[in-house]
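S.K.: give me the fold of what follows.
(2 chains)
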Amino acid sequence: AQSVTQLGSHVSVSEGALVLLRCNYSSSVPPYLFWYVQYPNQGLQLLLKYTTGATLVKGINGFEAEFKKSETSFHLTKPSAHMSDAAEYFCAVSRYSSASKIIFGSGTRLSIRP
Amino acid sequence: EAGVTQFPSHSVIEKGQTVTLRCDPISGHDNLYWYRRVMGKEIKFLLHFVKESKQDESGMPNNRFLAERTGGTYSTLKVQPAELEDSGVYFCASSQNRQGPGETQYFGPGTRLLVL
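M.R.: Okay, here's the model as predicted:
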């Protein structure tokens, strides 16, 4: 069975500070890993995903995440937070197949302080 | 290209009533998924269509929920009769089924259902 744990339901950082959102996963098979973002009153948008290959994945809006198999982690980072980054972020995992359901973490709401 | 659309955006109904949610996937996408987020909890998978066939309906909570995808285009999710615990946001997503492993699912804006 697969599962995702996001540490911290709410994270607050100052504008310009480092953003670090933590995600750990559990999977008995090679996972595919995703980060989605939901801005207020909008749907889920894919930030980035890891399937195979390079373990450091770059996404949209300056975000990146690193797949660490030994730590079963896929933390999301951004060097400098912007006010527009305020949103809810979801880490997710799916199985090694061409089309498969996604299992989501509980989400982390990111607030940016001026 | 239009994204995934969902209708209605909001629905408020009374316990015992029926509600039907609609999802229009991105044109040409064979895969269609329904997910639900109950307030304060994680987003959970409900079911997966490949064209008009149900590939995986392991997440459907009970037989009050009925999903259809006639003709392999849009899909409906009917809740009958609705209960209080059905309140939440219902998301629809679609994907092509041609990109290979880990293909991206594109999500709609969701339908916010409130059962009173």
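
S.K.: apart from its neighbours in sequence, what residue is nearest B:Phe7?
M.R.: Excluding its sequence neighbours, the residue lying closest to B:Phe7 (C-beta to C-beta, 6 or more residues apart in numbering or on different chains) is B:Arg22, at 4.7 Å. C-beta here means a position set from N, CA and C on the backbone, and glycine is covered the same way.

S.K.: please read the previous query as pertaining to A:Gly8.
M.R.: In space, A:Gly8 is closest to A:Thr108, 5.5 Å off (C-beta to C-beta, 6+ apart).

S.K.: low-confidence bits of chain B, can you list those?
M.R.: B:1, B:98-102 (pLDDT under 70).

S.K.: which helix or which strand is home to the residue positioned nearest the centre of it?
M.R.: Nearest residue to the geometric centre of chain B (C-alpha atoms, centre = their mean): B:Trp34, 3.1 Å. Secondary structure assigned from DSSP states H and E places B:Trp34 in strand B:31-37.

S.K.: about what we covered before: and the angle for the helix or strand hosting the residue nearest to B:Phe7 with strand B:31-37?
M.R.: Assessed by DSSP H and E, B:Arg22 sits inside strand B:19-24. If you take axes from the mean of the first three to the mean of the last three C-alpha atoms, to 10 degrees, strand B:19-24 sits at 140 degrees to strand B:31-37.

S.K.: output the contacting helices and strands for strand B:19-24.
M.R.: Applying 3 or more C-beta pairs under 8 Å, 6 or more residues apart in numbering or on different chains; DSSP states H and E, one finds that strand B:19-24 contacts strand B:5-7, strand B:10-13, strand B:75-79, strand B:111-115.

S.K.: okay if I get those as CSV plus distance to A:Trp35 and mean neighbour count?
M.R.: Putting these into CSV (distance: least, C-beta to C-beta, whole Å; neighbours: other C-beta atoms under 10 Å in any protein chain shown) gives the following:
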stretch, distance to A:Trp35, mean neighbour count
strand B:5-7, 22, 17
strand B:10-13, 27, 15
strand B:75-79, 26, 20
strand B:111-115, 23, 19
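
S.K.: those strands into CSV, with extra columns for distance to A:Ala65?
M.R.: Shown next, in CSV, are these (distance: least, C-beta to C-beta, whole Å):
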stretch, distance to A:Ala65
strand B:5-7, 28
strand B:10-13, 33
strand B:75-79, 31
strand B:111-115, 29
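
S.K.: show me what contacts the residue nearest the centre of chain A?
M.R.: Nearest to the geometric centre of chain A sits A:Trp35, at 3.3 Å (C-alpha atoms, centre = their mean). Shown in contact with A:Trp35 (C-beta atoms under 8 Å, 6 or more residues apart in numbering or on different chains): A:21, A:23, A:46-49, A:59, A:63, A:65, A:74, A:76, A:89-92.

S.K.: okay then, goodbye and thanks.
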